[in-house]
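Visitor: I would like to see how this sequence folds:
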Amino acid sequence: MTLDQRVQAERNRVAGQLSQLKEQNEVDKEHLDELSREYHAAILSGTEQEIDTTNERIKEVNGRITRRNDMIKAIGDKHNPVIQNLISQSMGMWLQEIDIIEEKAKAMAKELEPQHKALLKGLSEINSLYRRSISLRSVVSHWSRELSPSAQRDMRLSPGGMDAVGPIPNEMRKLLVESQQVFIH
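Guide: Alright, predicted model coming up:
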């Protein structure tokens, strides 16, 4: 059973009790309104004993409403010990798992650091080779225009010269890690 299901089962278990407490509070609130009217009438025309008796009944009803409100609060989600315990247990397990996962990720990242440094160094060297290749390709393209078509064919050059980029960028791209390759949903 999932946490949602267990919490819902507890909510269902106390729902009847909550409903009953709320209904009893409504009845007592109506009764309190009647007692308040009686109290005001007793003040105007009654004796001290009537006033005191009515006041005691008001205190009694207010006490019942307060106790029920405390019970409603106690079995509500934020204070229900069963629900709080269910959530706390699950969260405790999740927090432990988070700690384990994050420690494992840190260890793996530390383990991969030397390869990362080597990859960056290698890519930097490939980039230097690439820049030199571009420079030489530009020179070859420039001078190939001075060659006869048959000499160009012998050197496997097109009439327009050489491609300015070459294959090195494609090789470099194979080594780069793109976010969509890592952060897969």
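Visitor: CA atoms of stretch 31-47 as CSV?
Guide: The C-alpha coordinates for stretch 31-47 follow below in CSV (Å, rounded to 0.1, in the frame of the first residue of the first chain):
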residue,chain,number,x,y,z
HIS,A,31,-27.8,25.8,21.9
LEU,A,32,-25.2,28.5,22.8
ASP,A,33,-27.2,31.1,20.8
GLU,A,34,-30.4,30.1,22.8
LEU,A,35,-28.5,30.3,26.1
SER,A,36,-27.1,33.7,25.2
ARG,A,37,-30.6,35.0,24.6
GLU,A,38,-31.7,33.4,27.9
TYR,A,39,-28.8,35.1,29.6
HIS,A,40,-29.7,38.5,28.3
ALA,A,41,-33.3,37.9,29.3
ALA,A,42,-32.2,36.9,32.8
ILE,A,43,-30.0,40.0,33.1
LEU,A,44,-33.0,42.2,32.3
SER,A,45,-35.7,40.4,34.4
GLY,A,46,-34.2,37.5,36.3
THR,A,47,-32.7,36.8,39.6
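Visitor: just the pLDDT for Ala107.
Guide: Per-residue confidence (pLDDT) for Ala107: 97.
Visitor: and Gly161, what are its phi and psi?
Guide: The phi/psi pair for Gly161 (degrees, to the nearest 10) reads phi 110, psi -150.
Visitor: not counting sequence-adjacent ones, nearest residue to Asn62?
Guide: Spatial nearest neighbour of Asn62, excluding adjacent residues (CB to CB, 6 or more residues apart in numbering): Leu32 at 6.9 Å. From N, CA and C alone the C-beta is placed, and that goes for glycine too.
Visitor: quick one: contacts for the one you found?
Guide: The contact partners of Leu32, by CB atoms under 8 Å, 6 or more residues apart in numbering, come to Ile58, Val61, Asn62, Ile65.
Visitor: please list only the buried members of those.
Guide: Among these, the ones that count as buried by 16 or more other CB atoms under 10 Å are Ile58, Val61, Ile65.
Visitor: brilliant, that's me finished.
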